[in-house]
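> my questions concern the predicted model and sequence given below.
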Amino acid sequence: MADRIVRIATVGLGVGKGHVRRLAADPRAEVVAVCDSLPGRVKAVADEHGIEHRYADYDEMLRDKSLKLDAVTLALPNYLHEPFTVKALKRGLHVLCEKPMAHELKSARRMLDTSVRTGKTLMIRFNYRFSPQARYLKQMIDQGVVGKVYYGRTGWLRRKGIPMGTGWFSDKKLSGGGPLIDLAVHRIDLAWYLMGKPEPVAVSALTFDHLMRRLRREKKPRKGLFTVEDLAVGLIRFGDGSALAVEASWDTYAEDRERMWTHVFGDRGGLLHENVGGGYEFRAKVVTDSGEFPVDITPASYPGNLENEIDHFVRSILEGFEPEGSAKDGFAVQRMLDGMYRSAAQGREVKV
C-alpha cells in the first residue's frame with residue numbers, strides 16, 4: 001500500500017489548476033489527465049505539469065480505460081457537480097468535488113446516495129477546516145478548553161465583490177444562489193465543524209437583493225444574471241440546543257473590503273477565527289479564564305507541514321477511511337443552505 005500511486009484526473013482548470021498543483025507535489029499521487037472545455041486552459045496546465053492526456057470531453061475521458069484512473073477532482077460550476085460526480089462514482093472512481101456539494105438539495109442527495117451505493121469516497125472540498133488556525137482551534141475544543149459549546153456566529157461580507165465575468169455565479173438556476181451558497185458555505189461548514197457537527201433541525205433566514213435589482217436595471221444583462229441575493233442572514237438551530245448565526249454578502253456597504261469571521265462560545269471559553277487586513281491571512285484566538293483572570297491564548301507559530309485537503313483526499317483513498325468533508329458532511333451543510341433559502345422565500349422558520 002505504501003508504494004501505491006493514486007492515479008487522478010482533474011476536471012475544470014480554473015480553480016482546478018490549484019488541485020493539479022497540489023497533487024503534483026504529493027508523491028503518493030499522479031495527475032494522469034486533465035479536462036476542460038477551454039483548450040487554452042488545458043494546454044497551459046498540462047504543459048506546466050507535463051501531463052500527456054488532455055480532454056475537452058468528460059465522457060470521453062471516463063471511457064478511456066488506458067488511463068487506469070482511481071479518482072477525479074472536480075472544479076466546475078455548481079449545477080454540474082451532480083452529473084459529473086455521479087458519472088465518476090458509477091465508473092468506480094473516488095471523487096473530490098469543490099464546494100458547495102450541489103446547487104440544490106435533491107442533487108446533493110443523489111450524490112450522497114450514489115456514493116453510498118457504489119462504496120466510493122465522495123469528499124467535498126471544505127478547505128477552511130484544514131487551515132492551521134482551524135486545526136489549532138479544533139484541538140483546543142477537543143481538549144475541553146471552551147467547555148460545552150452552545151452558540152456560534154459566522155459570516156463573510158464583501159464590499160463590492162459580485163462576480164461579474166463568470167456567466168453563472170449570479171444565475172440562480174446555475175449556481176443555486178448568491179453569497180450564501182458561494183461564500184457562507186465555507187464559514188457555515190467551519191463553524192459547524194468546530195461546534196462538533198450537531199444535527200441541524202430548523203432555520204430562520206432573510207435574503208435581500210436590492211443591489212442585484214439595481215444591477216439588472218442598469219446593466220440590462222442576459223436573462224438569468226443577477227437573479228440571486230446580495231445579502232443573506234439567518235439563524236440555524238441544532239438538535240442539542242445550540243445555534244449558529246450567519247451573515248453573507250457579495251456587496252454591502254460595510255467598512256472592510258472583505259471580512260470573514262467565526263466565533264464559537266462555550267460555557268468555559270470561546271474562540272475566534274478571522275481574516276486579517278481584509279485578505280486571506282487568518283488569525284486564531286481562544287478566550288478563557290485562568291483562575292480569577294481572563295486570558296487570551298494564541299499560538300506563537302503554526303507547523304508548516306500540516307496536511308492540506310488535497311493530500312487528505314489522497315490519503316483517505318490509500319488508507320480507506322472516511323475523509324473530513326465527507327458526502328454526509330456535505331449533505332448536512334446543503335440542508336442548512338437549502339433551509340435558509342426556503343425560510344427566506346416563505347418568510348418563516350422551516351425544518352431541515
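Ah, there it is. Numbering: from 1, shown residues only.
> alpha carbons only for contacts and neighbour counts from here, please
Will do.
> for the residue of the chain positioned farthest from its centre, give me its contacts.
In the chain, residue 292 marks the outermost C-alpha relative to the chain mean, sitting 40.0 Å out by C-alpha atoms, centre = their mean. Going by C-alpha atoms under 8 Å, 6 or more residues apart in numbering, residue 292 touches no other residue.
> show residues contacting the least confident helix or strand in the chain by mean pLDDT.
The least trusted helix or strand in the chain, going by mean pLDDT, DSSP states H and E, turns out to be helix 210-219, with a mean of 94. Residues outside helix 210-219 that contact it (C-alpha under 8 Å, 6+ apart): 225, 226, 227, 228, 229, 230, 251.
> secondary structure added to those, as a markdown table?
Compiled in a markdown table, these are given as follows (DSSP: H, G, I helix; E, B strand; the rest coil):
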| residue | secondary structure |
| --- | --- |
| 225 | coil |
| 226 | coil |
| 227 | coil |
| 228 | coil |
| 229 | coil |
| 230 | coil |
| 251 | coil |
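> tell me the buried residues within the residues you listed.
Neighbour-count burial (16 or more other C-alpha atoms under 10 Å) applied to the contacts of helix 210-219 gives 225, 226, 227, 228, 229, 230, 251.
> for these, which one is nearest residue 157?
residue 251 (7.4 Å; C-alpha to C-alpha).
> quick one: contacts for that closest one?
157, 158, 159, 160, 161, 162, 211, 230, 231.
> picking that back up, so what are the sheet partners of the very next helix or strand once past the least confident helix or strand of the chain and their directions?
Scanning forward in sequence from helix 210-219 by DSSP states H and E, the next helix or strand is strand 231-238. With DSSP bridges as the test, strand 231-238 is paired with strand 200-208 (antiparallel), strand 243-249 (antiparallel).
> just name the most buried of those strands.
Of the strands paired with strand 231-238, the one with the most neighbours on average (mean count of other C-alpha atoms under 10 Å) is strand 243-249, at a mean of 25.
> residues making contact with it?
Outside strand 243-249, the residues that reach it (C-alpha under 8 Å, 6+ apart) are 150-158, 179-180, 183-184, 188, 191-192, 230-237.
> what about 7 Å?
By C-alpha atoms under 7 Å, 6 or more residues apart in numbering, the residues outside strand 243-249 that reach it are 150-158, 179-180, 183-184, 230-237.
> ok so, going back, in the least confident helix or strand of the chain, which residues are buried?
Applying 16+ other C-alpha under 10 Å to helix 210-219 flags 211, 212, 216 as buried.
> same check on stretch 263-272?
263, 264, 265, 266, 269, 270, 271, 272.
> got it, and stretch 141-161?
Across stretch 141-161, burial judged by 16+ other C-alpha under 10 Å covers 141, 145-159.
> out of those, who's nearest residue 74?
Looking across the buried residues of stretch 141-161 and measuring by C-alpha to C-alpha, the closest to residue 74 is residue 156, at 24.0 Å.
> count of neighbours near residue 6?
Close neighbours of residue 6, defined as other C-alpha atoms under 10 Å, add up to 21.
> quick check: pLDDT value at it.
Per-residue confidence at residue 6 stands at 98 (pLDDT).
> is it in contact with residue 70, as I believe?
Yes - counting by C-alpha atoms under 7 Å, residue 6 touches residue 70, with 6.1 Å between them.
> low-confidence ranges in the stretch 51-200 of the chain?
For the stretch 51-200 of the chain, no stretch is flagged by pLDDT under 70.
> returning to what we had before: just send the buried ones among the contacts of helix 210-219 back as JSON lines, with pLDDT and distance to residue 280 too.
JSON lines is the format used below for those (pLDDT from 0 to 100; distance: C-alpha to C-alpha, whole Å):
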{"residue": "225", "pLDDT": "94", "distance to residue 280": "28"}
{"residue": "226", "pLDDT": "95", "distance to residue 280": "26"}
{"residue": "227", "pLDDT": "96", "distance to residue 280": "28"}
{"residue": "228", "pLDDT": "97", "distance to residue 280": "25"}
{"residue": "229", "pLDDT": "98", "distance to residue 280": "24"}
{"residue": "230", "pLDDT": "96", "distance to residue 280": "21"}
{"residue": "251", "pLDDT": "95", "distance to residue 280": "18"}
